[in-house]
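Engineer: Sequence plus predicted model, see below.
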Amino acid sequence: MQGSAHLEQTIRSEISFAGVGLHSGAPVSMRLVPAPAGSGIVFRRTDLDNFEIPATGRNVAKVSYATSLMRQSVLIQTTEHLLSALIGFGVDNVIVEVDNLEVPILDGSALPYVQAFQTTGLKQQRRRREYLKILKEVEVREGSKFIGVYPGDGYRIDYAIDFPAPIGSETFTGNLATGDYVRWIAPARTFGFKEDEPMLRDMGLIRGASDQCAIILNRQGVLNGPLRFADEFVRHKVLDLIGDLALAGRRIQGRVVAERAGHAMHTALVQRLMRDRSAWELAHGYDEVPETAQDEAMVRGLLPVHA
């Protein structure tokens, strides 16, 4: 994470993005606006009289193929990549203005957001940053799928996936407290199998998908390579997890372990954590190691970011 571990931050100036929604296929313009200390991350539907939906666990809606938020029947879809970038880069307070029902997919990763934050810069605010310090284990299990959070230093994530060929099994360990996000997680793109496309489109999903915003595979291999990392698939699942856990309202101080999990289990963990007040306390930060200038240059050019 960027900047001080002890003070909240917002973006220094407004940032605009435009694209299409991954699932809706609808064109959307989005603007990130600096927000006051203590306000958190709030989505604002400018096409619906500026109706606001705070990015918190109580507003979680659909979580099958993306994490969406809903308040009073107003929806904002596919929030996880933007939320991941905000948490990963250290943005505490921001208003996200969108003029349609879905956040633009851009290149399918968090990289465009990170690059924009690096260009614009962040502004420290006069409020101490609060962390959700984990005091005891909280777990969610569903067959062979599992996710849990445990006490620990920093914000460590251990993730394991097991997909059909050609992905197979991959594992990744990272720690947001040591600057892993920008270099090793943000560039990882979403992915899908070509053979699943007809089924998903029949379900009203991936109408905005293309080989410019996702890694497309068949059983033989990647159709639109090269990959940005040899293990880009598990890194993207880590990216998604960070975005989904942002709905706890604060960064986590502890260790998260996930195996074959997904959006539904990520958000189920948030809900369980929020219900068990004895599992955490509010703390005021832990030491963080800032990114080096060399790391930032690697992300800007995407070379060489391969593991």
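Structural biologist: Yep, it's here. Being a predicted model, the structure only gives us computed values, none of them experimental.

Engineer: what about Leu7, how many neighbours?
Structural biologist: 18 (other C-beta atoms under 10 Å). Where you see a C-beta, it was placed from the backbone N, CA and C, and this is true even at glycine.

Engineer: likewise Lys133?
Structural biologist: Lys133, neighbours per other C-beta under 10 Å, totals 20.

Engineer: just checking, it is part of a strand?
Structural biologist: Yes - counting by DSSP: H, G, I helix; E, B strand; the rest coil, Lys133 is located in a strand.

Engineer: quick one: contacts for the spatially closest residue to it that is not a sequence neighbour?
Structural biologist: Spatial nearest neighbour of Lys133, chain neighbours left out: Ala283 (3.9 Å); criterion: C-beta to C-beta, 6 or more residues apart in numbering. Neighbouring residues of Ala283 by C-beta atoms under 8 Å, 6 or more residues apart in numbering: Glu130, Tyr131, Leu132, Lys133, Gln253.

Engineer: buried subset of these?
Structural biologist: Buried members of the contacts of Ala283, counted by 16 or more other C-beta atoms under 10 Å: Glu130, Tyr131, Leu132, Lys133, Gln253.

Engineer: wait, which of the residues you listed is closest to Leu269?
Structural biologist: Here the nearest of the buried ones among the contacts of Ala283 to Leu269, counting by C-beta to C-beta, is Leu132; it sits at 11.9 Å.

Engineer: Let me see the contact set for the closest one.
Structural biologist: Ala248, Gly249, Arg250, Arg251, Ile252, Gln253, Gly254, Leu273, Trp280, Leu282, Ala283.

Engineer: how many neighbours does the first one have?
Structural biologist: Neighbour count for Ala248, taken as other C-beta under 10 Å: 21.

Engineer: one step back: let me see the backbone angles for the residue nearest to Lys133.
Structural biologist: Torsion angles at Ala283 (phi, psi; degrees, to the nearest 10) stand at phi -130, psi 160.

Engineer: And for Gly88?
Structural biologist: Dihedral angles for Gly88 - degrees, to the nearest 10 - are phi -60, psi -30.

Engineer: List the contacts of it.
Structural biologist: Gly88 neighbours (C-beta under 8 Å, 6+ apart): Met1, Ala110, Val114, Leu176, Tyr181, Val182, Ile185, Ala186, Leu239, Ile242.

Engineer: For these, point out the one with the lowest pLDDT.
Structural biologist: Lowest pLDDT within the contacts of Gly88 is found at Met1 (53).

Engineer: Leu273 and Gly148, how far apart?
Structural biologist: As for Leu273, its distance to Gly148 is 10 Å (criterion: C-beta to C-beta, to the nearest Å).

Engineer: ok, now Ala35?
Structural biologist: Counting by C-beta to C-beta, the gap from Ala35 to Gly148 is 32 Å.

Engineer: before we move on, what SS does Thr10 have?
Structural biologist: Per three-state DSSP, Thr10 ends up strand.

Engineer: ok so, going back, quick one, which of the contacts of Leu132 are buried?
Structural biologist: Judged by 16+ other C-beta under 10 Å, buried ones among these: Ala248, Gly249, Arg250, Arg251, Ile252, Gln253, Gly254, Leu273, Trp280.

Engineer: and those as JSON lines, adding distance to Ser169 and secondary structure?
Structural biologist: What follows is the buried ones among the contacts of Leu132, written out as JSON lines (distance: C-beta to C-beta, whole Å; DSSP: H, G, I helix; E, B strand; the rest coil):
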{"residue": "Ala248", "distance to Ser169": "28", "secondary structure": "helix"}
{"residue": "Gly249", "distance to Ser169": "33", "secondary structure": "coil"}
{"residue": "Arg250", "distance to Ser169": "32", "secondary structure": "coil"}
{"residue": "Arg251", "distance to Ser169": "29", "secondary structure": "strand"}
{"residue": "Ile252", "distance to Ser169": "25", "secondary structure": "strand"}
{"residue": "Gln253", "distance to Ser169": "29", "secondary structure": "strand"}
{"residue": "Gly254", "distance to Ser169": "25", "secondary structure": "strand"}
{"residue": "Leu273", "distance to Ser169": "27", "secondary structure": "helix"}
{"residue": "Trp280", "distance to Ser169": "31", "secondary structure": "strand"}
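
Engineer: What is the neighbour count of the closest residue to Gln212 other than its chain neighbours?
Structural biologist: Sequence neighbours aside, Asp107 is the residue nearest to Gln212 in space, at 6.9 Å (criterion: C-beta to C-beta, 6+ apart). Number of residues near Asp107 (other C-beta under 10 Å) recorded here: 15.
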